[in-house]
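J.: Predicted coordinates and the sequence they were generated for:
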Amino acid sequence: MKPPDLLRGYALPPAAIPGEIAAGASIAAVAIPVGLAYANIVGVPPVVGLYASMAPTLAYALLGPSRYLIVGPDTATCMLVAATLADLGVTTSDARASVAAGLALLVGVGCLAASALRMGFIANLFSRPVLVGYMMGVALVLLLGQASSWTGVPLRASGLIRPLVELAGRRTEIHLPSLACAAGLFALIRLVKHFAPRLPAPAVAVVAAIVLSAALDLQSLGVQTVGRFPGGLPALRLPTFVGPTDELAFGVLSVLAISFASGILTARSFGARLSETQSADRELIGFGAANLAAGLFQGFGVTGADSRTAVGLAAGGKTRWAGVAAAAFVALALTVLTGPLSLLPVAALGAILASAAIDLMDLNGFAQLARVDWREVVFALIAAAGVIWLGVLRGVFLAVGLTLVYLLRLMSWPRSAVQGRLPGQSAFVTLDRHPEASPVAGVVVFLFEASPSFLNCAFFHRQAMAAFRAWGPAGWFILDASLMSFVDSSALDSLESLRQDLEDLGASLLIAGGHDQFLRVLERSGFGERLKSGRLFASPEEAMAFIEASGAPAPIKARSAPAA
């Protein structure tokens with residue numbers, strides 16, 4: 001980041017200061033209860049959630065590239081941290097806190113290293129179908145995980161169905177006051193979100209829960225509360241690293257990949273609304289600084305927080321000072337509000353997390369995928385199932401693997417089409433999209449919607465010959481290469497086989513279009529010369545003009561739609 005840009009990011013007229021402070025207060029009003037709730041996911045003392053909501057927020061505000069993004073704990077990152085701690089065999093709350101800080105520190109170092117190596121592309125490791133499915137799986141696991149805090153029954157089963165079966169078998173152990181408390185606060189959160197979306201619903205629920213806890217003495221009814229925790233600001237401290245190196249590296253890479261992908265998506269979605277562009281490599285610096293601060297000041301892994309960013313913008317926050325103010329308000333809560341927060345029922349945290357799980361379920365995303373391609377829905381469902389049955393940590397790598405499989409499928413079996421002309425026009429269009437168009441007699445114009453390579457060259461040859469046989473007899477075969485930017489040696493062999501097969505059937509191959517690298521390889525390989533002089537054209541229309549100047553082509557069978 002250039003120094004002038006950084007200075008402009010902090011430029012603030014005096015009249016704007018109250019607005020930024022107010023926005024910071026609104027952000028903190030959400031960050032405090034959410035931080036306490038996410039600490040419950042990670043399995044660390046509640047105060048650690050406040051640490052993770054303070055130092056990282058300040059670090060990103062100082063060093064992050066975005067003037068509006070707020071960082072903090074989020075659902076997917078926290079669940080990954082929790083899964084990593086479980087795999088490392090860390091069980092006690094205090095030990096988990098120290099190791100979680102160590103993970104955050106390593107994630108921060110990894111982010112900075114990735115930025116230096118310009119590896120911002122790791123944000124693209126998750127295709128939209130896989131990310132939608134992964135988040136749905138995380139949401140379901142999170143929702144079911146709140147059954148214990150709602151009912152007071154410690155459940156041991158995992159998965160989607162078994163926890164419900166176990167709870168049904170132990171229904172006599174359900175603590176009704178805790179259930180009533182959680183259900184009531186959950187309803188309150190959903191009502192506030194629906195009827196007063198500008199209010200910080202988690203903060204409203206926390207205030208209501210503390211008031212009820214004090215007024216009704218919920219502890220005497222057996223309702224578990226957060227309890228006393230140490231006040232004051234976190235001290236600078238080097239964290240602990242435990243467990244086998246390979247498992248630790250596995251966890252760090254998982255948290256880095258998911259937290260960065262989630263964070264950059266948040267930054268881009270809000271940036272699109274504000275006409276601000278994001279650089280993935282620069283965002284890695286901001287997230288790296290935030291996670292380093294979390295690790296050194298006893299927090300856990302963080303990323304871009306969509307709810308807190310939205311609250312800050314809705315409250316009028318326009319600069320980095322909103323994040324600085326939010327961190328200051330969290331620090332204030334750590335010093336003066338630990339007494340009231342100790343009365344907060346654990347069931348309230350379960351209600352906040354259950355509401356967060358509901359918000360994480362992107363049913364509209366599944367509907368959009370279905371409108372695009374049903375196969376994308378299948379990928380999303382597999383990703384969701386992987387999280388539920390394999391666990392959040394392994395679900396990350398299943399999601400990455402599915403993305404790569406999805407990419408290979410698109411590259412290996414791209415679309416193809418036969419082209420024709422609309423009545424009275426010379427331009428070529430695909431016949432499947434324009435049924436009113438007609439093929440040119442004696443000519444097959446074939447469009448392959450990808451660059452030929454070793455992944456798809458056999459498929460390319462089959463589709464091209466299938467199109468020729470379906471639309472022949474023809475004396476000419478025009479390959480529309482307008483979408484081809486490169487070609488490798490395997491694909492060159494397929495092009496040569498296509499040329500020879502067409503010549504054996506009495507037809508000539510013409511190539512139309514193609515980007516610079518594609519054409520250079522054809523020339524260097526000698527394939528252009530084997531095509532015969534003048535058989536490379538700028539467009540199908542130019543190739544057709546050459547054919548028409550060469551004499552009348554043979555007739556072609558009329559079909560209503562291409563077979564390729």
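T.: Looks like it arrived, so ask away.
J.: all contacts plus neighbour counts: C-alpha atoms, from now on.
T.: Fine.
J.: From W476, how far off is F300?
T.: To W476, F300 is 65 Å away according to CA to CA, to the nearest Å.
J.: which of those two has more neighbours?
T.: Higher neighbour count among F300 and W476: F300, with 37 against 25, using other CA atoms under 10 Å.
J.: The more buried one is in contact with N291, isn't it?
T.: Yes - F300 is within contact range of N291, at 7.5 Å (criterion: CA atoms under 8 Å).
J.: Between these two, which contacts overlap?
T.: A104 (CA atoms under 8 Å, 6 or more residues apart in numbering).
J.: quick one: the host helix or strand of A357 to chain centroid distance?
T.: Using DSSP states H and E, A357 sits in helix 346-360. Centroid separation for helix 346-360 versus its chain: 21 Å, with CA atoms, centre = their mean, to the nearest Å.
J.: I'd like the average pLDDT over the next helix or strand after that helix.
T.: For helix 346-360, the following helix or strand on the C-terminal side (DSSP H and E) is helix 363-372. Here helix 363-372 scores 90 as its mean pLDDT.
J.: cool, and stretch 485-500?
T.: For stretch 485-500, the mean pLDDT works out to 92.
J.: and the helix of greatest length in the chain, what other elements does it pack with?
T.: As assigned by DSSP state H, the longest helix anywhere in the chain is helix 245-274. Here helix 245-274 touches helix 75-87, helix 93-116, helix 280-296, strand 303-304, helix 392-412, going by 3 or more CA pairs under 8 Å, 6 or more residues apart in numbering; DSSP states H and E.
J.: got CSV for those, with distance to M465 and mean neighbour count too?
T.: Output for these, formatted as CSV (distance: least, CA to CA, whole Å; neighbours: other CA atoms under 10 Å):
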stretch, distance to M465, mean neighbour count
helix 75-87, 48, 23
helix 93-116, 45, 24
helix 280-296, 43, 29
strand 303-304, 50, 30
helix 392-412, 17, 19
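J.: Tell me the spacing between the residue nearest to I122 when sequence neighbours are not counted and A114.
T.: Leaving aside its sequence neighbours, I122 sits nearest to A257 (CA to CA, 6 or more residues apart in numbering; 6.8 Å). Distance, A257 to A114, by CA to CA: 11 Å.
J.: With G395 instead?
T.: Note on G395: its distance to A114, by CA to CA, is 22 Å.
J.: what does L408 give?
T.: Noted for L408: a distance of 25 Å to A114, by CA to CA.
J.: And for D516?
T.: Going from D516 to A114 by CA to CA gives 32 Å.
J.: Please apply the same query to S497.
T.: 43 Å.
J.: Domain boundaries for this protein, per the record?
T.: Per the record, the chain has its domains at 16-153+162-407, 416-550, by automatic domain parsing.
J.: excluding its backbone neighbours, what's nearest A437?
T.: In space, A437 is closest to L422, 4.3 Å off (CA to CA, 6+ apart).
J.: count of neighbours near the one you found?
T.: Neighbours of L422 (other CA under 10 Å): 18.
J.: S307 now?
T.: 19.
J.: So it: helix, strand or coil?
T.: Of the three states, S307 takes helix under DSSP: H, G, I helix; E, B strand; the rest coil.
J.: How about V444?
T.: strand.
J.: Which residue is the nearest non-sequential neighbour of it?
T.: F477 (4.9 Å).
J.: can you check C78 too?
T.: In space, C78 is closest to V42, 5.8 Å off (CA to CA, 6+ apart).
J.: count of neighbours near that neighbour?
T.: By other CA under 10 Å, the residues close to V42 number 28.
J.: Would you mind confirming that the residue nearest to A437 is in contact with F428?
T.: Yes - with contact defined as CA under 8 Å, L422 reaches F428; the gap is 7.5 Å.
J.: So, low pLDDT: which residues of this structure?
T.: 1-13, 532-534, 551-564 (pLDDT under 70).
J.: any chance you could map the strands in it?
T.: 71-72, 303-304, 416-421, 428-430, 443-448, 476-480, 508-512, 536-537 (DSSP state E).
J.: looking at the ones you listed, which is buried most?
T.: With neighbours defined as mean count of other CA atoms under 10 Å, the strands of the chain peak in mean count at strand 71-72, which reaches a mean of 34.
J.: That one packs against which elements?
T.: Strand 71-72 is packed against helix 46-63, strand 303-304, with contacts defined by 3+ CA pairs under 8 Å, 6+ apart.
J.: Now render these as JSON lines, adding distance to A538.
T.: JSON lines is the format used below for the helices and strands packed on strand 71-72 (distance: least, CA to CA, whole Å):
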{"stretch": "helix 46-63", "distance to A538": "49"}
{"stretch": "strand 303-304", "distance to A538": "47"}
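J.: Which one of the ones you listed lies nearest to P234?
T.: helix 46-63 (6.7 Å; CA to CA).
J.: quick one: contacts for G295?
T.: Applying CA under 8 Å, 6+ apart, the residues near G295 are 100-105, 238-239, 301.
J.: And the nearest residue to V392 once chain neighbours are set aside, how far from T92?
T.: Spatial nearest neighbour of V392, excluding adjacent residues (CA to CA, 6+ apart): L80 at 6.0 Å. Distance, L80 to T92, using CA to CA: 17 Å.
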